[in-house]
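Trainee: compute the structure for the input listed below.
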Amino acid sequence: MRARQNLTYERNSALASWLPNAHLKSIHPFHFLHKPITNARTTSPCPQRSTSSATPKATTTSPPGTGTYTLRDPSLTPHGEQQCHLLRQTSFPAPSQSRISLVLASPLRRTLQTASLVFGPALRARGGKCAPRILALPDAQEISDDPCDVGSDPGVLREIVEEEGWAVDLALVREGWNDKAPGGRYSARSEAVGARARDARVFVRERVRELVRGGDREARVVLVAHGGWMHYFTGDWEGAWEGAGTGWLNCEVREFVFEGDLMGDEDCEARLVETGESRRRRGKVGLMAGEEKQAEFFELAMESWGKQGLQRPDMVGVEASVCTTL
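Mentor: Here you go, the predicted model:
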């Protein structure tokens, strides 16, 4: 999200456990993981920070718990890497990762790095059922058009993945995936974000169906993405005004199921519902709010983000439209 000043990112990780096996034949949960601290490493100088270097390919380091919005497609800070290792040890230990079927991630560098650090055991497991590579999903990129939320060109990203040794499938990452021009698919405008979030839900639902048809009756999918976008993806805006452009904590894990009949439902929205156990773990009572209440939550979130100095997706393009009609 856009900010007029650096904001603090550091928060405690919220950890989740797996759903009981008894529920898996009828429920196919997804573990949605919000990114850890953003970044320290960059290939260009950062003019707004005293720690920046004027030498290309230098390494700049932000203090633990802080982030900057001016770095292009940043990777994780050392603190963020530590968060990933802790999350893997406490919430996704190697034995449990044998139950993961597929790992999806936003193609931004920090989310690919997070997925690689946390879910490496699932990708490398001999005889495991998990696809051996993380599938990069362009529709899962963060909302804003700030440099930190604009991904690398496909060719550059391929080089990064090869240099880092990450097991990532970039087949869906094509030219233009990082073009956030107004009116485009990846614009920061709320309508565009909502449309690609819906398409991402439909895509994930179809992948789960393929896994089930292939005999994986206990399919589990992990998606590593971003706090702002997660509200559009899950349709849950409760608490979205509580943090810096999101209600998700860093490294927070939530579990969702598709509404209705997974295999037979043709709902073009592919709506999600957070599981009761997932909500209880984070201190919530009852079910997710309905559409009318979520609309109220959305308005509260937009107002809060604006007051924080962040980009308001619902206002992107509005001023330009008004000027055009005058």
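Trainee: please name the nearest non-neighbouring residue to Leu33.
Mentor: Val224 (4.7 Å; CB to CB, 6 or more residues apart in numbering). C-beta: built from backbone N, CA, C; applies to glycine.
Trainee: residues in contact with the one you found?
Mentor: By CB atoms under 8 Å, 6 or more residues apart in numbering, the contact set of Val224 is Leu33, Lys35, Val103, Leu104, Ala105, Ser106, Thr111, Leu112, Thr114, Ala115, Val118.
Trainee: end to end on stretch 134-149, go ahead and measure it.
Mentor: As for stretch 134-149, its first-to-last residue distance stands at 20 Å under the measure CA to CA, to the nearest Å.
Trainee: begin at 38 from here
Mentor: OK, 38 is where the count begins now, so the last one is stretch 171-186.
Trainee: how far is that stretch from where the chain is centred?
Mentor: Taking the mean of its C-alpha atoms, stretch 171-186 sits 8 Å from the chain's own mean (CA atoms, centre = their mean, to the nearest Å).
Trainee: kindly report the same for stretch 225-241.
Mentor: With CA atoms, centre = their mean, you get 13 Å for stretch 225-241.
Trainee: can you show me the strands along the stretch 88-237 of the chain?
Mentor: 139-142, 171-173, 205-206 (DSSP state E, counting those that start in this stretch).
Trainee: what comes into contact with the last one?
Mentor: If I follow you right, that is strand 205-206. So strand 205-206 is contacted by Ala142, Leu149, Ser153, Ala168, Arg170, Ile171, Leu172, Ala173, Val198 (CB under 8 Å, 6+ apart).
Trainee: could you export these as TSV, including pLDDT?
Mentor: Below are the contacts of strand 205-206 laid out as TSV (pLDDT from 0 to 100):
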residue	pLDDT
Ala142	98
Leu149	98
Ser153	98
Ala168	95
Arg170	98
Ile171	98
Leu172	98
Ala173	99
Val198	98
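Trainee: nearest to Ala277, of the residues you listed?
Mentor: Ala142 (21.6 Å; CB to CB).
Trainee: ok, that closest one to Ser189 distance?
Mentor: 14 Å (CB to CB, to the nearest Å).
Trainee: likewise Phe293?
Mentor: 29 Å.
Trainee: now swap in Arg291 and tell me
Mentor: 28 Å.
Trainee: show me the shaky parts of the protein.
Mentor: 38-69, 71-104, 356-363 (pLDDT under 70).
Trainee: what does the longest helix along it rub up against?
Mentor: Taking DSSP state H as the criterion, the chain has its longest helix at helix 227-250. Helix 227-250 is contacted by residues 65, 67, 138-139, 141, 174, 176-177, 180, 221-224, 256, 258, 260, 266, 269-270, 295, 299-300, 305-309, 350-351, 353 when judged by CB under 8 Å, 6+ apart.
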